[in-house]
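K.L.:
predicted model, plus sequence, below.
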Amino acid sequence: MQLKDFLAQMTPEIYQNMKQSLELSRWPNGDRLTPDQREGILEALIAWEHDNLPEEERTGYMPVSCKSAPDKSAPAQYKPETTILRFKD
């Protein structure tokens with residue numbers, strides 16, 4: 001079965017069972033996952049999440065933020081310092 005076909009049949013219950021199996025490194029019957037099975041499950045989970053979950057709930061999601069971005073809690077008159085780099089000849 002191809003991944004695309006499997007994802008078309010995957011339900012939220014199957015997703016949860018596979019996610020738990022990956023977390024525990026065991027199938028529900030207690031058998032250990034092989035490295036290939038772990039890789040396949042992770043690939044299927046990520047692909048399913050891409051189509052069925054909002055971005056912030058997906059595996060590996062990191063909010064976009066930047067240290068140099070202005071702080072929204074800072075007063076409006078505050079402006080971050082700018083630094084000009086000067087190179088010597």
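P.N.:
Cool, got the structure.
K.L.:
residue 27: neighbouring residues, count only.
P.N.:
For residue 27, the neighbour count with other Cβ atoms under 10 Å is 15. (Glycine included, C-beta is placed from N, CA and C.)
K.L.:
not counting its neighbours along the chain, what's nearest it?
P.N.:
Using Cβ to Cβ, 6 or more residues apart in numbering and skipping the chain neighbours, the partner closest in space to residue 27 is residue 21 (5.5 Å).
K.L.:
ok, the one you found - contacts?
P.N.:
If you count contacts by Cβ atoms under 8 Å, 6 or more residues apart in numbering, residue 21 has them with 27, 28, 33, 41.
K.L.:
and those residues, which two are the farthest apart?
P.N.:
Distances among the contacts of residue 21 were taken as Cβ to Cβ; the most separated pair is 28 and 41, at 12.6 Å.
K.L.:
and the contacts of residue 21, which are buried?
P.N.:
Among those, those buried by neighbour count (16 or more other Cβ atoms under 10 Å) are 33, 41.
K.L.:
can I get the contacts of residue 21 in JSON lines with distance to residue 87 and secondary structure?
P.N.:
Listed next are the contacts of residue 21 as JSON lines, based on distance: Cβ to Cβ, whole Å; DSSP: H, G, I helix; E, B strand; the rest coil:
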{"residue": "27", "distance to residue 87": "60", "secondary structure": "coil"}
{"residue": "28", "distance to residue 87": "62", "secondary structure": "coil"}
{"residue": "33", "distance to residue 87": "54", "secondary structure": "coil"}
{"residue": "41", "distance to residue 87": "51", "secondary structure": "helix"}
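K.L.:
what would the contacts of residue 21 look like in CSV with distance to residue 86 and pLDDT?
P.N.:
Shown next, in CSV, are the contacts of residue 21 (distance: Cβ to Cβ, whole Å; pLDDT from 0 to 100):
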residue, distance to residue 86, pLDDT
27, 62, 94
28, 64, 92
33, 57, 95
41, 54, 92
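K.L.:
closest to residue 49 out of the contacts of residue 21?
P.N.:
Of those, the one sitting nearest to residue 49 (Cβ to Cβ) turns out to be residue 41, at 12.3 Å.
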